[in-house]
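J.: I would like to see how this sequence folds:
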Amino acid sequence: MTRAAALPEPDFRHYVAGVGSLGLRPFDLDQHTELLHSWVTQPYAKYWGLLTASIADVRAEYERIERSAHHEAFIGLHDGEPAFLMERYAPAHDPVGQTYEPLPGDVGMHVLVGPAEQPIAGFTTAVFGTIMEFLFSDPAVDRVVVEPDVHNTKIHALNDRMGFRKDSIVELPGDKKAWLSFCTREQYLNAVRMNEAG
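T.: Numbers count the residues shown, from 1 in each chain. Now for the predicted structure:
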């Protein structure tokens, strides 16, 4: 009997009480494209902009990201199973960088949580916190930049809870109107302290 090869350990791991172990590792085109396609084509993921995409379309988009020197995709794991996607990018090399003056310590971020078979209270907040911990684990990062659609009220509320401050509404490709928002390391740490205090 042959033993199954062990999955690689996540590049980053974060334990959240009541939720479990969350981790991040680089997105693998062969392993993760079909799964991601099953997420981005569901109505809840409409702001991801891939509702009508084929599997080939999704693969092409993440091949483009894989080739980029300024954009990376990571699969997020919950107790070892894929549960969310995170993208990290350099705002100076992205359309959002045309809407403000990027600083050297800025990093852009996108997040998509997969559909839950069994919802866990606080899961999305735990995912978001894990991503922020991961981004700020790089000492070169001073500030996280996000640009969610102005109509995506759920993510606005989560951003606010994590310490982001809205800057301005900006126009981005694809007729997207977005709330350009920023969170410094200090803002994030203050938000964590406030959330823990209740």
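
J.: I'd assumed residue 183 was in contact with residue 166.
T.: No. Judged on C-beta atoms under 8 Å, residue 166 makes no contact with residue 183 at a distance of 10.7 Å. Where you see a C-beta, it was placed from the backbone N, CA and C, and this is true even at glycine.

J.: All the strands of this structure, in order from the start?
T.: Assigned by DSSP state E, the chain shows strands spanning 12-16, 20-26, 71-78, 81-89, 106-113, 143-146, 165-172, 176-184.

J.: now, of those strands, which is deepest in the fold?
T.: strand 143-146 (a mean of 23; mean count of other C-beta atoms under 10 Å).

J.: State the mean pLDDT of that strand.
T.: Mean pLDDT, computed over strand 143-146, is 98.

J.: can you pull the contacts of the nearest residue to residue 176 once chain neighbours are set aside?
T.: Distance criterion C-beta to C-beta, 6 or more residues apart in numbering; nearest residue to residue 176, sequence neighbours excluded, is residue 149 at 6.0 Å. Residues in contact with residue 149 (C-beta atoms under 8 Å, 6 or more residues apart in numbering) are 47, 176-178.

J.: Relative to residue 126, which of the residues you listed is nearest.
T.: Nearest to residue 126 among the contacts of residue 149, counting by C-beta to C-beta, is residue 47 at 20.6 Å.

J.: How confident was the prediction at that closest one?
T.: Reported pLDDT at residue 47 in the predicted model: 93.

J.: I'd like to know how far it sits from residue 82.
T.: 20 Å (C-beta to C-beta, to the nearest Å).

J.: Same question for residue 26.
T.: Here residue 26 is placed at a distance of 12 Å from residue 82 (C-beta to C-beta).

J.: same question, residue 158
T.: According to C-beta to C-beta, residue 158 stands 20 Å off from residue 82.
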